[in-house]
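*Asks:* Sequence and predicted structure below; questions after.
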There are 2 protein chains.
Amino acid sequence: MKLYDFELAPNPRRVRMFLAEKGVEIPTVQVNVRQGEQFSAGFLKVNPYSVVPVLELDDGTCLGESVAICRYLESLYPHPPLMGRDAKDQAIVEMWNRRAEFEGMLAAGEAVRNALPLFVDRAIPGVSGGFPQIPALVERSKKRLARFFSLCDRQLADHAFFAGPQFTIADITAFVTVEFAKRAETAIPAECGNLARWHEKIAARASAKA
Amino acid sequence: MKLYDFELAPNPRRVRMFLAEKGVEIPTVQVNVRQGEQFSAGFLKVNPYSVVPVLELDDGTCLGESVAICRYLESLYPHPPLMGRDAKDQAIVEMWNRRAEFEGMLAAGEAVRNALPLFVDRAIPGVSGGFPQIPALVERSKKRLARFFSLCDRQLADHAFFAGPQFTIADITAFVTVEFAKRAETAIPAECGNLARWHEKIAARASAKA
């Protein structure tokens, strides 16, 4: 197997953290998405959607989408479980992971991609042009992030981790969201003490450096 | 179990189609999100994110997020499998389902919510106000949908269904996306013959009426 990765991008980081928590190392191929390598003819065969990460299996199958990759890795390396311990727990972890993605990660991505000069004319992922930035979206996304942080804070008031008593993929997604949001100059609000304490705890894990 | 549902909303429809394909019936509770019932104190206990669908289990656990609900239902009712038949197949189905969500469903949602008078000041799901519509986003989302349809068309050129030879949850998400996009006056482009043929085939299934 090999992982198509880009060190500075948030979604590959989720997969790297997941692997680090499993104690597994996989060879990586860096795809410099800042220099447009995701639009090369070679990479289009790996992923027609032109985004990283992608996990290429030994039989040549190319798996895109961070969570699909993690689910496959979970089946290969079940310990420690990061996606739930039984059917109900798996659904609960997936619910929180998806909330972190849809309310957190997507809002952070929207804020970053509609603000940074790097993404002029390609405000959505996987396109080389033709999708202009919309400045009004930046403020709306930051407000949305603030709402997400507040909902996180409430959940973390009586849960050690995002999806319950165990560290899971939902913590990875929420942690990478907080880190990514910094690029949009958005930090954990001062009143979100539970979220700040949780963030400190996750940042101290070895996997946070992956 | 009971399903908090709203007949006119696209995400509950995904769960209803999933159940229909399994041949399973579950009692539903209608939450009229057009009249703001998702913001009632009662429903906030069911889902602090104020969106439908939610599956309430007999032990009182409330599962939100359509795909988390479907995954739980898949574990209870494994036949026919709609989320993959082995670990690799499951990852492939999840990849395509997520592409349909992130590139299709979200773009359709963005187009609808930023255009329709119904959503003035609540252009993102789960909020009762304070998130104004951004008209420029409507055109960008429609262009994004056109790109998604074109990528679908390519995939369906040599696959009977979205994620391979079998009908799966990815077909449900893509089908509901096509149906939902109509509300943003966006149809399958004339040049996407494979997608049009696939759509006709899915529309003929009994579950399409769920």
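*Replies:* Yep, it's here.

*Asks:* all helices in chain A, in order from the N-terminus.
*Replies:* With DSSP state H as the criterion, chain A has helices at A:10-22, A:41-46, A:66-76, A:87-99, A:106-113, A:135-156, A:169-181, A:193-203.

*Asks:* per-domain residue ranges of chain A.
*Replies:* Per the record, chain A has its domains at A:2-76, A:87-209, by automatic domain parsing.

*Asks:* and A:Asn194, what does it touch?
*Replies:* By C-beta atoms under 8 Å, 6 or more residues apart in numbering or on different chains, the contact list for A:Asn194 reads A:Cys152, A:Asp153, A:Arg154, A:Leu156, A:Ala157. C-beta coordinates here come from the backbone N, C-alpha and C atoms, glycine included.

*Asks:* mind running it again at 7 Å?
*Replies:* Under the criterion of C-beta atoms under 7 Å, 6 or more residues apart in numbering or on different chains, the neighbours of A:Asn194 are A:Asp153, A:Leu156, A:Ala157.

*Asks:* Same check on A:Met83?
*Replies:* Neighbouring residues of A:Met83 by C-beta under 7 Å, 6+ apart: A:Cys70, A:Arg71, A:Glu74, A:Gln90, A:Val93, A:Thr168, A:Ile169.

*Asks:* looking at it, the last one is touching A:Asn97, isn't it?
*Replies:* The reference is to A:Ile169. Yes: using C-beta atoms under 7 Å, A:Ile169 makes contact with A:Asn97 at a distance of 5.3 Å.

*Asks:* And the nearest residue to A:Val15 once chain neighbours are set aside, its phi and psi?
*Replies:* Leaving aside its sequence neighbours, A:Val15 sits nearest to A:Pro53 (C-beta to C-beta, 6 or more residues apart in numbering or on different chains; 4.9 Å). Per-residue torsions, A:Pro53: phi -80, psi 160 (degrees, to the nearest 10).

*Asks:* circling back: which of the contacts of A:Asn194 count as buried?
*Replies:* Using 16 or more other C-beta atoms under 10 Å in any protein chain shown as the burial test, the contacts of A:Asn194 include A:Asp153, A:Leu156 as buried.

*Asks:* For A:Phe18, state which of the contacts of A:Asn194 is nearest.
*Replies:* Using C-beta to C-beta, A:Leu156 comes nearest to A:Phe18 of the contacts of A:Asn194, at 20.5 Å.

*Asks:* right, and that closest one touches A:His199 too?
*Replies:* No: at 9.4 Å, A:Leu156 and A:His199 do not qualify as touching, with contact defined as C-beta under 7 Å.

*Asks:* Chain neighbours aside, what residue packs nearest to A:Cys192?
*Replies:* What sits nearest to A:Cys192 in space, not counting adjacent residues and going by C-beta to C-beta, 6+ apart, is A:Asp153, at 4.0 Å.

*Asks:* Spit out the contact partners of A:Ile92.
*Replies:* Residues near A:Ile92 by C-beta under 7 Å, 6+ apart: A:Gly84, A:Ala163, A:Gly164, B:Leu63.

*Asks:* Quick check: the residue lying closest to the first one once chain neighbours are set aside vs A:Arg71, distance?
*Replies:* What sits nearest to A:Gly84 in space, not counting adjacent residues and going by C-beta to C-beta, 6+ apart, is A:Gln90, at 3.2 Å. Between A:Gln90 and A:Arg71 the distance is 10 Å, computed by C-beta to C-beta, to the nearest Å.

*Asks:* Which one of the two is surrounded by more residues?
*Replies:* With neighbours defined as other C-beta atoms under 10 Å in any protein chain shown, A:Gln90 and A:Arg71 compare such that A:Arg71 has more, 24 against 21.

*Asks:* Give me the pLDDT value at that one.
*Replies:* With respect to pLDDT, A:Arg71 has a value of 98.

*Asks:* Could you report the distance from it to B:Arg98?
*Replies:* The gap separating A:Arg71 from B:Arg98 is 10 Å, by C-beta to C-beta.

*Asks:* who in chain A is up against chain B?
*Replies:* Within chain A, the positions near chain B by C-beta under 7 Å from any C-beta of the partner chain are A:48-49, A:61, A:63-65, A:67-68, A:71-72, A:75, A:87-88, A:90-92, A:94-95, A:98-99, A:124, A:131, A:134, A:136-137, A:140, A:143-144, A:151, A:154.

*Asks:* Restricted to buried residues, select these in ChimeraX.
*Replies:* To isolate in ChimeraX the members of those that are buried, counting by 16+ other C-beta under 10 Å, one can use:
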select /A:49,63,64,65,67,68,71,72,90,91,92,94,95,98,99,124,131,134,137,140,143,144,151
